[in-house]
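Trainee: Sequence plus the predicted model coming up.
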Amino acid sequence: MATTDHSDPHPGPPVEPRYLTIGDHVVEYPQPEEECAYDKPEDVHGYKEEESTYDKPEDVYKAPEEVSLAYKAKDLGECSRKPCQHGRCVNQDGGYKCNCRPGWTGQNCQQVKPCRAGWSGYKNHCYKLTTDAADWETANSRCKLHGANLASITSGDEANFINGIITGAPGGKWGAHLVWFGLHRKDGKFTHFTDGSEVSYTNWEPGEPNNNRHLHIFGRFQGQDCVGMYSKDGKVSGWFFQDKVRRGQWNDDQCYREYPFICKRPK
Ligand SMILES: [Ca+2]
């Protein structure tokens, strides 16, 4: 084993040579110790502690970017003008980009996002009435074919908008002027619409939901687990009832009955 190190001309406390002379060339002396210093977790920790102005790890990693303060100031300036009218501004090299909120489009999110042909827009969603009557499950499936759900109704304003669309819808197979939407009984309750939103607004016809069980044509009693809303004021003709209702009011009914239905999809 070697006992003498001839390459070190400086005995005593170690002095790290910065450069080496090789022939005519002066080259930077590799300093593996320095690189290795940051490989060890305890040293990384020590590094953070020294930089006492940075308490959060992410700040430590952001620090190198601050060498370019002028560049950063320029980019911040782009968004400080708040160019994105209905969205969030993101700095980009030499400019900015707007991430629009749902329902908005355009370079500055200044434009209401349109619905496709045949669909009507309200806030962030598009709606479509289908006048071909279908049972509730079939109606639900048909909405999904369009990336939609049977409509949820989350406020009185939205209800008014929907009432405008369903006005004049034809009566269903049994004459009642109901239109299926996205509410059906789950675990005995009407708590959520099929698109997942909670039921906070309701507009039940007085006395409803009554889960008015009746004898199905196949000989079984069947409850009313699906909900429709009336598309016209006045008397509703059904098999067993004549009621005075208001357009937009809700009634639970047998799911197999066939009515027009309304779908709702995000813009
Ligand atoms: Ca009912």
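Mentor: Here it is on my side, so go on. Numbers count the residues shown, from 1 in each chain.

Trainee: alpha carbons only for contacts and neighbour counts from here, please
Mentor: Will do.

Trainee: Tell me the secondary structure at the residue in the chain positioned nearest to the ion.
Mentor: Residue nearest to the ion within the chain: residue 252 (4.0 Å; CA to the ion). Under the three-state scheme (DSSP: H, G, I helix; E, B strand; the rest coil), residue 252 adopts strand.

Trainee: Any stretches of the stretch 51-200 of the chain with poor pLDDT?
Mentor: 51-76 (pLDDT under 70).

Trainee: Helices along that one, start to end?
Mentor: Secondary structure of the stretch 51-200 of the chain, counting by DSSP state H, counting those that start in this stretch: helices at 57-62, 69-80, 136-145, 156-166.

Trainee: Please name the strands paired to the lengthiest strand in the chain in the sheet, noting orientation.
Mentor: Using DSSP state E to define each element, the chain has its longest strand at strand 125-134. Note on strand 125-134: by DSSP bridges, its sheet partners are strand 120-122 (antiparallel), strand 259-266 (antiparallel).

Trainee: export the ones you listed to TSV and tack on mean neighbour count and distance to the ion?
Mentor: Formatted as TSV, the strands paired with strand 125-134 follow (neighbours: other CA atoms under 10 Å; distance: least, CA to the ion, whole Å):
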stretch	mean neighbour count	distance to the ion
strand 120-122	18	29
strand 259-266	25	14
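
Trainee: out of the ones you listed, which comes closest to residue 163?
Mentor: Among these, the nearest to residue 163 by CA to CA is strand 259-266 (10.5 Å).

Trainee: For stretch 137-152, measure first residue to last.
Mentor: 15 Å (CA to CA, to the nearest Å).

Trainee: buried stuff in it?
Mentor: Using 16 or more other CA atoms under 10 Å as the test for burial, stretch 137-152 gives 139, 140, 142, 143, 148, 149, 150, 151, 152.

Trainee: Specify the beta-bridge partners of the nearest residue to residue 172 once chain neighbours are set aside.
Mentor: Ranked by CA to CA, 6 or more residues apart in numbering and with sequence neighbours excluded, the top spatial neighbour of residue 172 is residue 259, at 4.3 Å. As for beta bridges, residue 259 partners with residue 134 under DSSP bridges.

Trainee: again with the one 4 residues further on
Mentor: Here residue 263 shows beta-bridge partners residue 128, residue 150, assigned using DSSP bridges.

Trainee: Touching, residue 195 and residue 153? I think so.
Mentor: No. The criterion here is CA atoms under 8 Å, and residue 195 misses it with residue 153 at 10.2 Å.

Trainee: Compare the two (neighbour count), which wins?
Mentor: Using other CA atoms under 10 Å as the criterion, residue 195 and residue 153 rank with residue 153 on top: 24 against 15.
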